[in-house]
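> requesting a structural model of the entry that follows:
(chains A and B)
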Amino acid sequence: MDFLTGRRKAAVLPALLAVLYAFVPGAETPGTEYGPEPIYAVDPVDSTGAADSTGAADSIDAADSTGGALELQEKSVKARGTKVHREKEVSRIRLSRQDIQRVAASQGDPLKVLGTLPGVTNQNDLSVRPFVRGGKAEETQILWDGVPLLQPYHFGSIYSVFSTESLESMTLYSGGFPVEAGNALSAALFMQARPAPLDSLRFFADLSFLRGSTYIGVPILKNKVAASFSYQAFWYDWVVNRAWDMADLIQSDSSFSAQKQDFRRYLELPNFRDMQFGLAFNVNERVKMDYSGLVSKDGFHSRDAKTRYYQNGREVSRNWFRERSDPSAPPGVWVQRQDLDTVANVSVDNQVHGLHFHWRPGGKWDVDQSLAYQSQDWHVKFSDEETWHDSVAPGGGYAGYRTYGPSVRYLKLRKEAYDWNLNAKWQATEKHLAKFGLFQSIRGFDFETRLERPIYELIVNGSVDVTDGLGYLDPEGTVIRQGDPGADAGVDYLSALPDLLRFDYAGKHSGSFAGGYLSDSWSPDDAHRLTVGFRSELDTWSGDAFLSPRVAYFQGLGDRDEITFASGLYSQSDFPFNLRDVNPDLRPEKAFHLNLEWTHRFSKSYRMEAQLYQKNYYDLVVPVLQNTGELDFRNGPIGISREEFERLDPAIRKIILDRFGEKRLDYVNQGVGKSAGGELSFFYDPARFWSGWVSGEAGYSKRRDLPGEGTYDFRYHRPWAFNWVNYFHMPSNYELSLRGRFAAGLPYTDYKFPDLPGASVGGDTLFYLAPRNTSRYAPYSRWDIRLSKEFPFFGRPMQSYMEIWNAFNTPNFIMRDQKTGQWKFIDANYPIPILFLGLNYRY
Amino acid sequence: MNSDCGKKAQIASILRACAGFAASLLCGCLYTTHHFNSGRILEPGKTAVTFGMGREKLYEEYCQDAKDGFRNPQGALRCKPRPGSVSFSTPPETTTLAPGVRSQTIPKFSLSYRLGVRGPWGPFTGVEMGWLLEAPTNPGTVEFDLKLGLPLAGRFKARHSLSAGWGVGMWADNSYFAEYAASRGLGPHALYGSYRYTYLATQPAELDSSFDNWKFAHHRRSIHQAALGLYVKLPDWFLAPDFFTPQANFTFPVVSPFVTLDSDRLEPVLVNFNLGFGWTF
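All right, here's what the predicted structure looks like:
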């Protein structure tokens, strides 16, 4: 514990001590300062390329044990030059399984770590969908063992379908990625499944208040065949119920108890089950095969109170009851009773199966082939429409009956995909490495949906903020005044206006993406590397083929610095099913990337990355509102009945329809956009007990939907953000992890609604809607802490851990206007400090 | 057509439910008084668990002499003479009286956990972190802090430290505090004292007005606290505590944890007598 004693005098500022310490050659902390406790060998700096500053490049064999075909370390081309030169790729960050485990509040989900990386933001604390460098969530392609996934999220994108323990590594390219890394507009995220262990048994189990997970890997024929299985299930609903009980006990308040009972009666919280299988088969020294499968299932059930009416024990209609019930009748004759009715049933089945072949014909070739099948089924059912038909029996009793119409809302969606890809690397000469590949993806969609768009967004994407939908209605903003045709002071415009946007689709369509790529990396000497590649992709929906050229230039500047320049044209046409349904001819969206990066290695333990990027979007698919000609007289934002509407002048009817009519979204390729910014990241690993990264970023992301319209801020981009992830291994096998994020708020469409307190709306204004995304929420900040203690259990490490999420109790869930502080809405962020406890065991 | 107050009621209901839930998760925001801080730093990897007990004086506004109380639009309690006939209208402010203040003393408990993080580091003799849970403080308060051991010549037979931390507040803001503690060794025992400055969070009762304006209202206060105590090391008896520590804590000014009261209506200084005992591992 006195390892720093000799340097105390030099440490005027203790916080800087460790930084200075690392610059002293040979001053690395000895590994025995805390005695014999195991200290992990891999760390974030290592995993992003800083472990070995002097050694030669990894051989293909060595790299192959931790990387897929994409991640192979090229033997000759990249073996030259300094370590920083050899390992540099454009905008790439790779995290190992252990790095992910060390991040607080990751909850066993690797995608919950993404938000700590520069350039990445999430919509809210619960959603794991990444928005990278000012791009849409769909612009980030997620690949699992090289196979692009349809939608790797659970209900509401609360969790991904991945489990950290069954993952080997996660690599994010946030821009300028090479041709073999796919064709997304903004980012590519490679999830590499953990290979089944060929040498010895591996076992892991984790039990927390939230979930339980387990992983087992077994060699069947040593060094030949192995299998793995992992399973995770969530049981937080039980824990939430116990929290209610405890709160109830403390509150000792009957109204609180009633709230608790209502919660239990009406809501069955979303639950998830994930299974993952793996098989590895080393056919011989040159051929390897593996299979990985992923099966997941979601369930969610919501109920609501419903009053039922009875006459002499028989259920009757509400109208019948109201008109005929007699308060003076004997007890039991006329009864009204609170009952339960289903509001929503959600079931999602997801499966992915992949078969991979890896063949190394000789020292200069490396070939990889994948076959994959995946499907996803969404079954969302809402309460049925109930219609009573009253009639009188001969004796004066009730002879009515009820019929059930089809649900007003429903969502049935099936997605299927068959993927094949072939990737090859050829070490043509010592200075050239060629990569080429072919791929095809056949996709089919079968769907029948009828619901409001905000509900779809909530169920599938976890978006609960209604101001998101408000932005679609009128880009220039609008004012609804008393006296406007169809306007009514009693309407809740805040929720009714977004509900005008329908998500009604029915049909099926299928198509295919096919293409190939070719690239060459040329290293003329130890300090220069040039990669030029082309990727061509064709989709059968539009029939358009698009060529994506890409270039990256790496120049080493001495032992510590590397300058990188990259540019390319990227396209993407794997649109959500509904876009193709309304417009099958949509062309691919395109983006031009420009990246300039500087990497500086201060020492073996410290690395800095400064990155500038610009993305110019064009042919973006943008929505165009189309009136359906329908008015919802029951729930819509209209203050007149159908009969009154029919009696109006046709010109007035048209005004009402245009303003308050239901709308569907058409889609056209007319959007443009621009996103640019800079990121500064610092990765540190001064000692084996201390590591982490810190980053700051600033940028902007603008869009313009249609020619002639104004530009607006992209809804899910934060102009600045600061992230810090810190891991600290303490004596006696304690570990402390900190995770902090401080970021600008998201833009939103402001509104003023007199029904809400604090709204400064006067006169005859019923609802004021500002131009799209012209306001911004207050900054977001969250700090999470994880403290764990490892101790031996039957000779193997067991770890207990405690986490506190949102330790400062920042009210991120109340979306406040940045300037006025006014509460505007709520979002799915942690409302309070959440205490999280767990236990894991590793064998 | 939707109900005009549907959305408002829905959001307010969610916020209030969360507020209730937050309260049950120890977001009482009030200062703590169980400061068994001797200025000594635990060795790296060593932990100390301390249970504390004492008594807490609670204040309450009330209407005496057969008067009825009601809340005025600002949320403050006012008293009106009990009328012979029932009146549902709010009387003018000028005809009402300020309520009286009474107090009662109830038991209070705490649990703290501390962990030695590092040994000597730069000019500091060690680093320690910990958390403290104290209740009832409407209903409880949780604090986190980091403590740095300060250097001192060995001949003084003393230890001192500087710590800083935060207490979790209820949304509007948090409490932040800095504490200096010192002790003089008396063989295995020690006499200690500490001073703590707290920039206190807005109290839950004051947060209520936020719901009316849909905007966070802040009401921060500066609190000064001093503690004097004795750390008594016990023999190594099986299962028995390793130490106990009687302590007196002085707080100025006093803040009521349950209702919003101006400090000039309360006692100038609150004195708490506490007893702590615990184990080191």
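> in the sheet, who's paired with residue A:347?
Taking DSSP bridges, one obtains residue A:299, residue A:379 as the residues bridged to residue A:347.
> what about it, neighbour count?
By the criterion of other CB atoms under 10 Å in any protein chain shown, residue A:347 has 15 neighbours. The C-beta positions use only the backbone N, C-alpha and C, and glycine is treated the same way.
> now the phi/psi pair for residue A:246, please.
Dihedral angles of residue A:246 (phi, psi; degrees, to the nearest 10) stand at phi -70, psi -40.
> before we move on, what about residue A:573?
Torsion angles, degrees, to the nearest 10, at residue A:573: phi -140, psi 10.
> how about the nearest residue to it once chain neighbours are set aside, phi and psi?
Closest residue in space to residue A:573, ignoring its immediate chain neighbours: residue A:588 at 3.8 Å, by CB to CB, 6 or more residues apart in numbering or on different chains. With angles defined as degrees, to the nearest 10, residue A:588 sits at phi -60, psi 150.
> pLDDT on stretch A:746-763, on average?
Mean pLDDT, stretch A:746-763: 75.
> that one: end-to-end distance?
The straight-line separation of the ends of stretch A:746-763 (CA to CA, to the nearest Å) is 30 Å.
> now the stretch 351-500 of chain A against chain B: closest residue?
residue A:492 (4.0 Å; CB to the nearest CB).
> now do the helix or strand that residue A:802 is a member of: which elements does it pack against?
Using DSSP states H and E, residue A:802 maps to strand A:796-805. Counting contacts by 3 or more CB pairs under 8 Å, 6 or more residues apart in numbering or on different chains; DSSP states H and E, strand A:796-805 packs against strand A:780-793, strand A:834-842.
> walk me through which strands the shortest one pairs with, and which way each runs.
Within its sheet, and counting by DSSP bridges, strand A:834-842 is paired with strand A:202-208 (antiparallel), strand A:796-805 (antiparallel).
> convert the C-alpha atoms of the last one to PDB, please.
Extracted in PDB, the C-alpha atoms of strand A:796-805 (Å, rounded to 0.1, in the frame of the first residue of the first chain):
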ATOM      1  CA  ARG A 796     -13.600 -20.200  -7.300                       C
ATOM      2  CA  PRO A 797     -14.300 -16.500  -7.400                       C
ATOM      3  CA  MET A 798     -17.700 -15.300  -6.200                       C
ATOM      4  CA  GLN A 799     -18.600 -11.700  -6.400                       C
ATOM      5  CA  SER A 800     -21.200  -9.700  -4.700                       C
ATOM      6  CA  TYR A 801     -22.000  -6.300  -6.100                       C
ATOM      7  CA  MET A 802     -24.000  -3.200  -5.300                       C
ATOM      8  CA  GLU A 803     -24.900  -0.500  -7.900                       C
ATOM      9  CA  ILE A 804     -26.600   2.800  -7.500                       C
ATOM     10  CA  TRP A 805     -28.000   4.200 -10.700                       C
END
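> ok, and what's touching the following helix or strand past it?
For strand A:796-805, the following helix or strand on the C-terminal side (DSSP H and E) is strand A:814-816. Contacts with strand A:814-816, where a contact means CB atoms under 8 Å, 6 or more residues apart in numbering or on different chains, come from A:465, A:467, A:745, A:748, A:777-778, A:822-827, B:15, B:171, B:215-216.
> could you pull out the helices for the stretch 101-250 of chain B?
With helices called from DSSP state H, counting those that start in this stretch, the stretch 101-250 of chain B shows them at B:204-213.
> could you tell me the least trusted of the helices and strands packed on strand A:796-805?
Of all these, strand A:834-842 has the smallest average pLDDT, which comes to a mean of 89.
> tell me the buried residues in the strand holding residue A:802?
A:798, A:799, A:801, A:803, A:804, A:805 (16 or more other CB atoms under 10 Å in any protein chain shown).
> and what of stretch A:510-527?
Applying 16+ other CB under 10 Å to stretch A:510-527 flags A:511, A:513, A:514, A:515, A:516, A:517, A:519, A:520, A:521, A:522, A:523, A:527 as buried.
> which pair in the residues you listed spans the largest distance?
Maximum pairwise distance in those, criterion CB to CB, is 45.6 Å, between A:511 and A:527.
> show the contacting residues for residue B:253.
Residue B:253 neighbours (CB under 8 Å, 6+ apart): B:221, B:223, B:263, B:266, B:268.
> ok, and which of those reach chain A?
Applying CB under 8 Å from any CB of the partner chain to the contacts of residue B:253, one finds that nothing falls near chain A.
> ok, what's across the strand from residue B:78?
Under the criterion used (DSSP bridges), residue B:78 bridges to residue B:70.
> ugh, wrong one, residue A:422
residue A:369, residue A:438.
> and it, what is it in contact with?
Counting by CB under 8 Å, 6+ apart, residue A:422 has contacts A:367, A:368, A:369, A:437, A:438, A:439.
> what's the local residue count around the first one?
In this case it means residue A:367. 18.
> now swap in the third one and tell me
Other residues within reach of residue A:369, judged by other CB under 10 Å, total 19.
> any idea how far it is from residue A:699?
The gap separating residue A:369 from residue A:699 is 39 Å, by CB to CB, to the nearest Å.
> can you mark which positions in stretch B:98-108 are buried?
Result for stretch B:98-108 [16+ other CB under 10 Å]: buried residues B:99, B:101, B:108.
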